[in-house]
Each structure stands twice: as C-alpha cells, then as structure tokens.
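Colleague: predicted model and sequence follow; I will ask about them next.
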Amino acid sequence: MGAHERRSGGRVLPPPPPEPEVARRPGTPMPQRERITFLVRLSERFVLNTGLLTAFTSVDGYLVLNVIPHQISGRAATIGCCYRDGQWWFYNVRTDAPICPANELDAAAHHITTAMRRAAR
C-alpha cells in the first residue's frame, strides 16, 4: 500500500507528482524521497567547501538545490535530480544538461564546483 493510500486511522497523503514529460511522453510517477535524499546528500558535500552555500527551493513543484558562491561574483547553480535511463541523475536545471548519476556524490560536487569556478573567471 502506497503512502498516498488511505489507511484506517491514518492520514491521507497525496500521490507524488509525475516526472515532467521527457521526449513528449508522460513520465512515470516516482517517489520524492529518493530525489530529496540525493539532493540533501549532495548539499552535505558542499559543507566543507568554503565559499559555497546551499539552499533548497522548488521549481515546477520539484525540490532543487541552489549552490551559491559566497564572496565570489558568479551565478548560483540550480541542481535538480531526476530519474532517467533507469537511475537517478543530477542535472543543471537551467540548461537541462546531465551532471552525473546521483549515487556519484563526490563527482557531482566536484563537477559543480569546477563549473562555478570557471564561470567566475
């Protein structure tokens, strides 16, 4: 029984929203807990990286992670997490460019940090 189904004596939660359309076909509804867990774990990778702050927000109803340069001119990176090709992936929300599979947290943090440093030059 899914969390959105009615249980006796329990509260009713709405079903998770479906993934946005990919290539003009409807996406499969995916649980949000995996997306949230990957984004939280990614934000933890930036804790030791001085000069970068993180903040959560939502875009089109989906949680995203903003990685914000502090004391460095440059744009914040908005990172999303979506289910593609049978696994969770981090991607740049602005460009829709994939970063790497979500289970490669250190590689994703390195990629994001490097891209932000290049953009600040």
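Modeller: Perfect, thanks for sending it.

Colleague: hey, let's count contacts and neighbours off CA atoms from now on
Modeller: OK.

Colleague: count the neighbours of residue 67 for me.
Modeller: Look at residue 67: counted by other Cα atoms under 10 Å, it has 22 neighbours.

Colleague: what ranges does this structure have for its helices?
Modeller: Counting by DSSP state H, the chain has helices at residues 32-45, 105-120.

Colleague: quick one: low-confidence parts of the chain?
Modeller: Counting by pLDDT under 70, the chain has low-confidence residues at 1-31, 50, 72-74, 120-121.

Colleague: report the contact partners of the residue lying closest to residue 87 once chain neighbours are set aside.
Modeller: Computed as Cα to Cα, 6 or more residues apart in numbering, the closest residue to residue 87 that is not its neighbour in sequence is residue 101, at 7.1 Å. Going by Cα atoms under 8 Å, 6 or more residues apart in numbering, residue 101 touches 87-90, 108.

Colleague: restricted to strands, list the residues you listed.
Modeller: Members of the contacts of residue 101 lying in strands (criterion: DSSP state E): 87-90.

Colleague: which residues does residue 53 contact?
Modeller: Going by Cα under 8 Å, 6+ apart, residue 53 touches 46-47, 67-70.

Colleague: buried deepest among the helices of the chain, which one?
Modeller: Among those, the stretch with the highest mean neighbour count (mean count of other Cα atoms under 10 Å) is helix 32-45, at a mean of 17.

Colleague: that helix - contacts with which helices or strands?
Modeller: In terms of contact count using 3 or more Cα pairs under 8 Å, 6 or more residues apart in numbering; DSSP states H and E, helix 32-45 is assigned the packing partners strand 62-69, strand 77-84, helix 105-120.

Colleague: make a markdown table out of those and add distance to residue 95.
Modeller: Below are those laid out as a markdown table (distance: least, Cα to Cα, whole Å):
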| stretch | distance to residue 95 |
| --- | --- |
| strand 62-69 | 14 |
| strand 77-84 | 10 |
| helix 105-120 | 13 |
